[in-house]
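**Student:** Prediction below, plus the sequence it came from.
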Amino acid sequence: RHKHSFWSKQQASWVVDQRRNKHRTDRFQIKALQKKRTPITMATDQTILTVKALEEAVTTLFQNSFDTDSSICLTTIIRILDNLLHKPTDAKVRKLRLANAAVWSKVGQRKGGIEILLACGFDRETEAPPLLSGPEVQGEDCLILHPHKEDRATLITARRLLETRAIQDLHMKPETLPEWRPPPPPPSSLSNSTNATTTTTTSGGFNVYAGHRYDAKSAAVGKNLGPDANYKSKTATELNVLQQKQARLEKKLHNQPIERQWQAFTPGNSSSSSIPPAAAAASQLTTSGGGGDSSLLAARLQKQQLERKQREEGGFTTSAMRELEKLKRTKVYSHVTLFIQFPSGHGLRGQFLPKERLRAVRQALQQECLMASTSLPDFDLYVTPPRRLLPPTSTLQDEGLVPAAKVFVSWKGPAPTHDFLQPHLFVAASLSFPTAQPVAATSTGSSSDGKKPAAAVKKTKKKKTDKQEEMLKRMMGKGL
């Protein structure tokens, strides 16, 4: 009986110890498991929120756009995400200007397009205008992905979701979508070593994020000197050459003060009504001499539609590329001919330099044309249609008044009921038409050996000159 009670106590003590140890072990295992699962649960919650927001934005896009527009929008956003994944250190791909024609036409104006980018981590902000800009300059509306909000897993998940919805809902073929390429390792997972050649290196020892230079200078010193600080792209070089050529042409044509050659017209004079407004002046120079206003309007609308299509299909371009294309179509004119229309029907015609500001036009009117003996109210200058006031600090070239335009006067006070123009201005004055020189040399044809025949060059040049002179005569009121 004694032995039996002893072994019973030992067995009971052993069972209690086993239960206590098991309880302690289970408690530690549960804590360890909770520590391991916490980041996974947080990441899953964030991914669920992102996927939910993306699903709602994509559904909004499909409900408010045609399938073609939706496919273009999703393809563009997928390319944006690929740029973010493959260029994590490039600040240019993190910022999208909504004023950009390609971004706005493909993503910005589609309801749900901006919401997709916001779900991926972008923030919609308005940048402050430059410090030296005037009060009329407004800040640009942009979409910016800040580094602290960038999540690699979120971008990959968003890309896969957009690709899946494009294939399943829009029935797009996989080969029409941007091809998936595995992105490089993120910079945060790289070594923190101070040696730049050992950080962010591949198996072959090549640093994918550092600039490399292979030339005689690097070989002479035996180390990588980095990218050349004086390097300029081909676009920047061509732009610099054309800007220098434009400056030389302007200096050559505008080296002497211009004679105003003022001439005044009475109300009802045919010469005052023959000059088109500023908005149609540029288009009439490029259209034929025949036809009425309907043909000019149709040609203008066709040109605008063609330019918009080229901007949309041209893809993303840099500011230097856009400025270069604009400069290739620019011409330097010897002077500008302005016809100034007053509310009473009187008109004035004068000549100015393209770089002169509207302030100089106002001063010339007040000092050389208006009668000083009479008290006249202040006035504004504007163009129409649409009605747009001309700021005094802008140049004629910046406001698109080159080579000729019609400007209107608006009195700020009661309109004068007496004669306000000087009498000697109503005498007929000589008129010289503006001459133009293109900044970039253009060639419209060639022979079998790559050169245009001399006769064809002379004939084409004469035809263009006659056409331009004829249009300028129509705008100045001659030959009607």
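**Tutor:** Received the coordinates, thanks.

**Student:** just checking, what packs against the helix or strand that contains Val409?
**Tutor:** Secondary-structure assignment from DSSP states H and E places Val409 in strand 404-411. Using 3 or more C-beta pairs under 8 Å, 6 or more residues apart in numbering; DSSP states H and E, the elements in contact with strand 404-411 are helix 278-285, strand 336-341, strand 379-383, helix 454-476. No exception for glycine: its C-beta is placed from N, CA and C like everyone else's.

**Student:** I'd like the next helix or strand past it.
**Tutor:** Toward the C-terminus, strand 404-411 is succeeded by strand 436-438 as the next helix or strand (DSSP H and E).

**Student:** list the buried ones in that following strand?
**Tutor:** Buried residues in strand 436-438, defined by neighbour count with 16 or more other C-beta atoms under 10 Å: Ala436.

**Student:** Over to stretch 320-330?
**Tutor:** Of the residues in stretch 320-330, those with enough neighbours to count as buried (16+ other C-beta under 10 Å) are Met321, Leu324, Leu327.

**Student:** Export it to CSV, keeping only CA atoms.
**Tutor:** Extracted C-alpha coordinates of stretch 320-330, given in CSV (Å, rounded to 0.1, in the frame of the first residue of the first chain):
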residue,chain,number,x,y,z
ALA,A,320,13.6,69.9,-75.7
MET,A,321,12.0,67.8,-78.4
ARG,A,322,8.8,69.9,-78.5
GLU,A,323,10.7,73.1,-78.5
LEU,A,324,12.9,71.8,-81.4
GLU,A,325,9.9,70.9,-83.5
LYS,A,326,8.3,74.3,-82.8
LEU,A,327,11.5,76.0,-83.8
LYS,A,328,11.8,74.1,-87.1
ARG,A,329,8.5,75.6,-88.1
THR,A,330,9.4,79.1,-87.0
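
**Student:** Can you name the element that comes right after the worst-scoring helix or strand of the chain on mean pLDDT?
**Tutor:** For the chain, scoring each helix and strand by mean pLDDT, DSSP states H and E identifies helix 278-285 as the least confident one, at a mean of 43. Reading on from helix 278-285 to the C-terminus, the next helix or strand found by DSSP H and E is helix 293-313.

**Student:** ok, and for that next one, which residues are buried?
**Tutor:** Residues of helix 293-313 classed as buried: Leu296, Ala299, Arg300, Arg311 (neighbour count, 16+ other C-beta under 10 Å).

**Student:** any chance of the residues you listed in a markdown table, plus distance to Ile156 and pLDDT?
**Tutor:** Shown next, in a markdown table, are the buried residues of helix 293-313 (distance: C-beta to C-beta, whole Å; pLDDT from 0 to 100):
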| residue | distance to Ile156 | pLDDT |
| --- | --- | --- |
| Leu296 | 53 | 74 |
| Ala299 | 49 | 81 |
| Arg300 | 47 | 79 |
| Arg311 | 31 | 72 |
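
**Student:** Now distance to Leu81 too, for those residues, in JSON lines please.
**Tutor:** JSON lines is the format used below for the buried residues of helix 293-313 (distance: C-beta to C-beta, whole Å):
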{"residue": "Leu296", "distance to Leu81": "45"}
{"residue": "Ala299", "distance to Leu81": "41"}
{"residue": "Arg300", "distance to Leu81": "39"}
{"residue": "Arg311", "distance to Leu81": "23"}
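
**Student:** rewinding a little: could you point out which of the buried residues of stretch 320-330 is nearest to Thr417?
**Tutor:** When the buried residues of stretch 320-330 are ranked by distance to Thr417 (C-beta to C-beta), Leu327 comes first, at 48.5 Å.

**Student:** separation between the closest one and Lys234?
**Tutor:** 15 Å (C-beta to C-beta, to the nearest Å).

**Student:** now do Arg160
**Tutor:** Noted for Arg160: a distance of 37 Å to Lys234, by C-beta to C-beta.

**Student:** now the strands for this structure?
**Tutor:** Listed in chain order, the strands of the chain (DSSP state E) span 95-97, 123-126, 141-144, 263-265, 331-333, 336-341, 347-352, 379-383, 388-389, 404-411, 436-438.

**Student:** In a markdown table, list those along with distance to Gln363 and mean pLDDT.
**Tutor:** Compiled in a markdown table, those are given as follows (distance: least, C-beta to C-beta, whole Å; pLDDT from 0 to 100):
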| stretch | distance to Gln363 | mean pLDDT |
| --- | --- | --- |
| strand 95-97 | 38 | 89 |
| strand 123-126 | 37 | 88 |
| strand 141-144 | 37 | 88 |
| strand 263-265 | 18 | 91 |
| strand 331-333 | 22 | 90 |
| strand 336-341 | 13 | 93 |
| strand 347-352 | 11 | 92 |
| strand 379-383 | 12 | 93 |
| strand 388-389 | 17 | 92 |
| strand 404-411 | 14 | 93 |
| strand 436-438 | 27 | 88 |
